[in-house]
Each structure stands twice: as structure tokens, then as C-alpha cells.
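In: What follows is a predicted protein model with its sequence.
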Amino acid sequence: MKFKEFKEEIKKAYAKRFPNSLCEVYIFKCLGRSLCITCRFAENEKEVPFGIMGNDMFCTFMSINLPDDFGDDDDLPENMVLEWQSSCVKAKPENKHLAYGSVDVSYRKTTGDAKKIIKALDKYFQRLYYTTKELVEEDRIHPNYAELVSRKVRQTMKRKEYVYIAIQLDEKGFPKIIGTFREEDDANKAAYSGKFWGNVIKQEVK
């Protein structure tokens, strides 16, 4: 896969959860080559305190080391390693002496080709979305971002959400629930991994 296509697929995956936010994907060319990914909650400098993008609510930065001679039109390597340098959301501080608190967003170092990296990022963006949603529901959004969240995220979070319930038949032929998943692919793996009949039920979250 070419870098341009890879870039667009990542931005598309991010826009599914944050349609009015900025996702930067670029090649950093200094002392080698690094593919960098930065996710912002804001869409531009006008939406962050003091117009500085470093003041964004999201602190998320990922990178992939590339060959030193990698060009923008080259095919991406088949065995890339996606690593996180930061992964958290700024929130109200629990300690009154601090300006900000933060909530970590879980991630997993991923090795593979472009498609595997995109799939891993898609799952990560979903976790980032649910972390943000929990902060909204728990009233833990920092006052510096309250107006922006009210205007942007609350509208996005009105959309329908679903979970996927994996079911298998046991040895006696009775159905049993294997687990409930947010990703349909994960539910399919669980439902169809055994030697008996399996199925996945899609259920709307109320």
C-alpha cells in the first residue's frame, strides 16, 4: 500500500468517531524517516486554548519507523511496528493543585502490514471515543474544553450504537453467550472459533 492511500484510510477511520476533528498523518524526515500520527479533538487552532495545538484535549501521538531512504511514493513495508508515545485525554484534575488531570487510553503495540495497522488504529480510535464519552457522562470534561465538547461531541454521541453478542452451542446443543463485544469482527471470532454452531446478534445500546 502506498503512503497516500494509507494516510487516507487512517483519516477515514478517525472521522468515523470524530468527524469534525483533526487527524494528522505525515512523514517526518529528520535523522531517518518516521511515519507520524497525531489525533486532535480540535479541528484547527481556533478551537484550542490560546490557539496552540499542543493545548488540545487529546494527547495522542503514534509513530512507525521507516527505512532511511523511504519516499512518499514508495510502497510501505510489509512488517511495520506501530508504537505510541502518548495516549491520554485531558480532564478535570483530581488534585486541586494541578491545572489538568488526564485519563489514559489503552493501546497495543502492533506489528504487521498496512491493513493490520489500520485495523489496530480503528479499534484504538473507538477506545478513544468511548473514553471521551465516559468523561462527558461523568462530568469530568475540563472547563477549558466544555464549550467545544458541548458543541461538537454531544451531537456526535446522539448516533445509534451497537454491541455484538457472540453465541455458541454447547456440547448438549444448548446456546450459551460467549461474550459481548463492541467490534463485530471480535464477536465473529469468538462465535465461530469453536467446533459447534455459532452466531452473532447485533443489539442497539439504549
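Out: Sure, I can see it.

In: just for the protein, where's the confidence low?
Out: 153-161, 194-197, 205-206 (pLDDT under 70).

In: Domain map for it?
Out: Listed domain ranges for the chain are 3-156, 161-205 (source: automatic domain parsing).

In: Doesn't residue 176 lie inside a helix?
Out: No - read with DSSP: H, G, I helix; E, B strand; the rest coil, residue 176 is strand and lies in no helix.

In: Could you count how many residues lie near the closest residue to it other than its chain neighbours?
Out: Of all residues not flanking residue 176 in the chain, residue 170 sits nearest, at 5.3 Å (Cβ to Cβ, 6 or more residues apart in numbering). (Glycine included, C-beta is placed from N, CA and C.) By other Cβ atoms under 10 Å, the residues close to residue 170 number 10.

In: can you tell me how far residue 170 sits from residue 66?
Out: Remark: distance between residue 170 and residue 66 (Cβ to Cβ, to the nearest Å) = 48 Å.

In: on that earlier part again, now the residue nearest to residue 176: how far from residue 79?
Out: Separation of residue 170 from residue 79 (Cβ to Cβ): 40 Å.

In: Which stretches in the chain count as strands?
Out: Under the criterion DSSP state E, strands of the chain are mapped to 23-29, 33-39, 58-66, 80-91, 101-104, 110-112, 161-169, 175-181, 198-205.

In: Using a markdown table, lay out the ones you listed together with distance to residue 188 and mean neighbour count.
Out: Below are the strands of the chain laid out as a markdown table (distance: least, Cβ to Cβ, whole Å; neighbours: other Cβ atoms under 10 Å):
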| stretch | distance to residue 188 | mean neighbour count |
| --- | --- | --- |
| strand 23-29 | 27 | 15 |
| strand 33-39 | 27 | 19 |
| strand 58-66 | 26 | 19 |
| strand 80-91 | 23 | 18 |
| strand 101-104 | 28 | 14 |
| strand 110-112 | 19 | 16 |
| strand 161-169 | 8 | 17 |
| strand 175-181 | 9 | 14 |
| strand 198-205 | 6 | 13 |
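
In: Contacts only, for the residue most central in space within the chain.
Out: In the chain, the centroid-proximal residue (Cα atoms, centre = their mean) is residue 125; its distance is 1.2 Å. Residue 125 is in contact with 13-14, 16-18, 39, counting by Cβ atoms under 8 Å, 6 or more residues apart in numbering.

In: run the last query once more with 7 Å
Out: Residue 125 is in contact with 13-14, 17, counting by Cβ atoms under 7 Å, 6 or more residues apart in numbering.

In: Same question for residue 112.
Out: residue 80.

In: Could you tell me how far the residue nearest to the centre of the chain is located from residue 132?
Out: Taking Cβ to Cβ as the measure, residue 125 falls 11 Å from residue 132.

In: Next: residue 187.
Out: From residue 187 to residue 132 the distance is 23 Å (Cβ to Cβ).

In: Please apply the same query to residue 37.
Out: With distances taken as Cβ to Cβ, residue 37 is found 18 Å from residue 132.

In: what do you get for residue 71?
Out: From residue 71 across to residue 132, the span is 36 Å (Cβ to Cβ).

In: okay, those two: which has more neighbours?
Out: When residue 71 and residue 132 are compared on other Cβ under 10 Å, the one with more neighbours turns out to be residue 132, at 24 against 12.
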